[in-house]
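**Q** just need the structure, nothing else, for what follows:
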Amino acid sequence: MKDGVNGVALGVFIFFFLLVTVLGFLAARWRKAENEHSLDEWGLGGRSFGTWITWFLLGGDLYTAYTFVAVPAAIYAAGASGFFAVPYTILVYPLIFTFLPRLWSVSHKHGYVTTSDFVRGRFGSKGLSLAVALTGILATMPYIALQLVGIQAVLDVMGVGGGENTNWFVKDLPLLIAFGVLAAYTYSSGLRAPALIAFVKDALIYIVIAVAIIYIPIKLGGFDDIFAKAGHAFSQVNPTTHKPRGALVSGEAQQWTYATLALGSALALFMYPHSITATLSSKSREVIRRNTTILPLYSLMLGLLALLGFMAIAAGVKVQNGQLAIPQLFEDMFPDWFTGIAFAAIGIGALVPAAIMSIAAANLFTRNIYKDFIKPEATPKQEAQVSKIVSLLVKVGALVFVLTMDKTVAINFQLLGGIWILQTFPALVGGLFTRWFHRWALLAGWAVGMVYGTLVAYGVPSPTNPGQKHFGGSAKEIPGIGEIGYIGLTAFVLNVLVTVVLTLVLKAVKAPEGVDETRPEDYTADAGDPGVQSELPPATAGAGH
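**A** Predicted coordinates for the structure are as follows:
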């Protein structure tokens, strides 16, 4: 690590940060609606985004600072097991092609803003809707925190804020400033801000990866040398665990873990509120279908990005916190001016999803807690105002997490969020295709999955940090099989079993099933279909058309 502040890199970083800040505030005037005081306008951008805007927004939403920092950091730390993120993004697109257009159609037909809105309307259950909303908020918090960790990793490597012994306020001041700017333009512009900034973010990321995948291997002697050095490093025995550091190719013992983590993560990805928020902002059903066919381009980028973990090893990068490995690689390998561009890509790669996530969590609170249980008569303007305030509180919670918790456990808490959010799959995706599941059975299955997943994850110690006895990973032995697998997927299977069995029991005793306000034709409706626009609530009718 270079001594002091990297002034050139910092200058370039600040330039791009100021650029996206200006764009964030200007976004309030971009496609401005006549009535901007509603969740449809502030929280969904007026449901007006076309194919390219939605593509950049979803890309900025899904491929985050976590992607840029944590995926190659996992490979830097343990090797091939970190590649699970590549196959799961390949699995996810055929999956979402089957259900996202249906969700868009029924949400557009009835003016649903969140997944909990749909669950309440489909099953006639505010309790089930509340469970989905709370899970979404809970799972999103560590995800936002991880974005702030990405910004902090860049600031640390640039030497901004001083060393570990610096006064906490001075040390964390740059992060506090970045947080303040993010909070301000999100409050002002809503979803339009990250939609506009996503263009800059993705352009920078593609440029940085294209340069890195060519330039760094040339400096390191080619991929043969990179893989040879990485393989040698992974074969070294860790004195703490008395096991090899990792593997260049996953062994047979890791295959169940790898496969279940990839599958479970694929099932969970579009259960997250921010993924749904970006989806519902599009202007037509066809936009969603087109996006599921072109989003795999990001998976190609992700595969190349993951290789940076091997390059960091070959370059001799030594860091105590694995989250710093890739920023440090960039500083060591690139000229200072291009290091600033790379750091800006990571920083902006954190701001875009953090903004969308905070909006999505705020929408859940407003529609499915505040309006359903606190103030049912809330006007669209009041909903928008409450959502703006809650989006600030959500970001404050994530900031507190970053400033008070050990940064090395950030990814484990995000994986815990994945365990939680996966438990909403039966209610959401199941509800899109069938009304057979009973609402009480879905609620019971959700509860079993949440409790099992949380308790088992609590009992997992860190494999590399002897002091961390809890939440040290997301894999544990699968009951009845004996193999090590993803806790979230095991919890999901239990969830489904409980849901199916209890549904049979509740139907046998003729328990009340609630009122379904949707109709079969709602799930294939498009923006231009007769009757779609007219059935939206007054605040949302015509939005974006």
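
**Q** look up the pLDDT of Gly528 for me, please.
**A** Gly528 is assigned 69 on the pLDDT scale.

**Q** pull the number of nearby residues for Pro466.
**A** 11 (other C-beta atoms under 10 Å). Just so you know, the C-beta spots here come from the backbone N, C-alpha and C atoms, and that holds for glycine as well.

**Q** element containing it?
**A** Assigned by DSSP states H and E, Pro466 belongs to neither a helix nor a strand.

**Q** state the distance from it to Gly459.
**A** Pro466 sits 15 Å away from Gly459, going by C-beta to C-beta, to the nearest Å.

**Q** over to Ala131?
**A** Counting by C-beta to C-beta, the gap from Ala131 to Gly459 is 24 Å.

**Q** same check, this time on Ala266
**A** 25 Å.

**Q** over to Ile294?
**A** The separation that Ile294 has from Gly459, given C-beta to C-beta, amounts to 42 Å.

**Q** follow-up on the earlier one: more neighbours: Ala266 and Gly459, which one.
**A** Ala266 (20 against 12).

**Q** who's in contact with that one?
**A** Shown in contact with Ala266 (C-beta atoms under 8 Å, 6 or more residues apart in numbering): 88-89, 91-92, 95.

**Q** can you rerun that using 6 Å?
**A** 88, 91-92 (C-beta atoms under 6 Å, 6 or more residues apart in numbering).

**Q** of the residues you listed, which is the most crowded?
**A** Val92 (24 neighbours).

**Q** element containing it, please.
**A** Counting by DSSP H and E, Val92 is part of helix 85-110.

**Q** name the helices or strands packed onto that helix?
**A** helix 255-269, helix 285-294, helix 297-306, helix 425-433 (3 or more C-beta pairs under 6 Å, 6 or more residues apart in numbering; DSSP states H and E).

**Q** ok, the nearest residue to Leu95 once chain neighbours are set aside to Gly340 distance?
**A** With sequence-adjacent residues excluded and distances taken as C-beta to C-beta, 6 or more residues apart in numbering, Leu95 is closest to Ala266, at 6.2 Å. Remark: distance between Ala266 and Gly340 (C-beta to C-beta) = 35 Å.

**Q** next: Leu26.
**A** 23 Å.

**Q** chain center to the helix-or-strand element of the chain with minimal mean pLDDT, what's the gap?
**A** When the helices and strands of the chain are scored by mean pLDDT, DSSP states H and E, helix 65 comes last with a mean of 71. The chain centre lies 10 Å from the centre of helix 65; the measure is C-alpha atoms, centre = their mean, to the nearest Å.

**Q** counting contacts, what elements does it pack onto?
**A** Partner elements for helix 65 (3+ C-beta pairs under 6 Å, 6+ apart): helix 336-365.

**Q** and the angle from the helix holding Val92 to helix 255-269?
**A** 20 degrees (axes from the mean of the first three to the mean of the last three C-alpha atoms, to 10 degrees).

**Q** next SSE after the longest helix seen in the chain?
**A** When the chain is parsed with DSSP state H, its longest helix is helix 126-158. As assigned by DSSP H and E, the chain's next helix or strand after helix 126-158 is helix 168-189.

**Q** mean confidence for that next one?
**A** Helix 168-189 comes out at a mean pLDDT of 81.

**Q** what's that helix packed up against?
**A** Checked by 3+ C-beta pairs under 6 Å, 6+ apart, helix 168-189 has helix 7-26, helix 126-158, helix 380-404 packed alongside it.

**Q** what is the neighbour count of the nearest residue to Tyr523 once chain neighbours are set aside?
**A** Of all residues beyond its chain neighbours, the one nearest Tyr523 is Arg102 (4.5 Å), with distances taken as C-beta to C-beta, 6+ apart. Each residue near Arg102 was counted by other C-beta under 10 Å, and the total is 20.

**Q** quick one: Arg102 and Thr434, what's the gap?
**A** In terms of C-beta to C-beta, Arg102 sits 12 Å off from Thr434.

**Q** same deal with Thr379?
**A** Relative to Thr434, and taking C-beta to C-beta, Thr379 is found at 35 Å.

**Q** what about those two, which has more around it?
**A** Thr379 (12 against 9).

**Q** list phi and psi for the more buried one.
**A** The phi/psi pair for Thr379 (degrees, to the nearest 10) reads phi -80, psi 160.

**Q** using PDB, list the CA coordinates for stretch 379-394.
**A** Extracted as PDB, the C-alpha positions of stretch 379-394 are listed here (Å, rounded to 0.1, in the frame of the first residue of the first chain):
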ATOM      1  CA  THR A 379     -53.100  10.000   0.700                       C
ATOM      2  CA  PRO A 380     -50.700   9.300  -2.100                       C
ATOM      3  CA  LYS A 381     -48.800  12.500  -1.100                       C
ATOM      4  CA  GLN A 382     -48.500  11.300   2.500                       C
ATOM      5  CA  GLU A 383     -47.300   7.900   1.300                       C
ATOM      6  CA  ALA A 384     -44.600   9.500  -0.800                       C
ATOM      7  CA  GLN A 385     -43.500  11.700   2.100                       C
ATOM      8  CA  VAL A 386     -43.300   8.800   4.600                       C
ATOM      9  CA  SER A 387     -41.300   6.700   2.000                       C
ATOM     10  CA  LYS A 388     -38.800   9.500   1.600                       C
ATOM     11  CA  ILE A 389     -38.200   9.700   5.300                       C
ATOM     12  CA  VAL A 390     -38.000   6.000   5.800                       C
ATOM     13  CA  SER A 391     -35.400   5.700   2.900                       C
ATOM     14  CA  LEU A 392     -33.200   8.000   5.000                       C
ATOM     15  CA  LEU A 393     -33.700   5.900   8.100                       C
ATOM     16  CA  VAL A 394     -32.800   2.700   6.200                       C
END
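
**Q** need the residues that contact it.
**A** 37-39, 42-43, 183, 186-187, 358-359, 361-363, 365-366, 370, 539.

**Q** who's in contact with Gly159?
**A** Contacts of Gly159 (C-beta under 6 Å, 6+ apart): 4-5.

**Q** look up how far Phe84 lies from it.
**A** 33 Å.

**Q** ditto for Ala203
**A** 27 Å.

**Q** more neighbours: which of these two?
**A** Neighbour count, other C-beta under 10 Å: between Ala203 and Phe84, Phe84 has more, with 25 against 13.

**Q** which residues does that one contact?
**A** So Phe84 contacts 258, 261-262 (C-beta under 6 Å, 6+ apart).

**Q** with Ala361 instead?
**A** 137, 140, 273, 394.

**Q** any idea of the pLDDT on it?
**A** 95.

**Q** equivalent analysis for Glu164, please.
**A** 54.

**Q** equivalent analysis for Gln152, please.
**A** For Gln152, the predicted pLDDT is 81.

**Q** looking at it, it is touching Leu173, isn't it?
**A** No - contact status for Gln152 versus Leu173: not in contact, 11.6 Å apart, counting by C-beta atoms under 6 Å.

**Q** neighbour count: these two, which is higher?
**A** Applying other C-beta under 10 Å to Gln152 and Leu173 shows that Gln152 carries more neighbours, namely 29 against 16.

**Q** end to end, how far does stretch 365-381 reach?
**A** Counting by C-alpha to C-alpha, to the nearest Å, you get 15 Å between the two ends of stretch 365-381.

**Q** next structured bit after the host helix or strand of Trp446?
**A** Secondary structure assignment for Trp446, by DSSP H and E: helix 439-458. Using DSSP H and E, the helix or strand that follows helix 439-458 in sequence is strand 475-477.

**Q** and that next one, how far out from the chain middle?
**A** 23 Å.

**Q** quick one: contacts of the very next helix or strand once past that strand?
**A** For strand 475-477, the following helix or strand on the C-terminal side (DSSP H and E) is strand 484-486. The set of residues external to strand 484-486 that reach it, using C-beta under 6 Å, 6+ apart, is 256-257, 260-261, 264, 475, 477-478.

**Q** how about stretch 38-58?
**A** Taking C-beta under 6 Å, 6+ apart as the rule, stretch 38-58 contacts 33, 113, 190-192, 195, 198-199, 202, 278, 280-283, 287, 290-291, 359, 363, 380, 383-384, 387, 539-540, 543-544.
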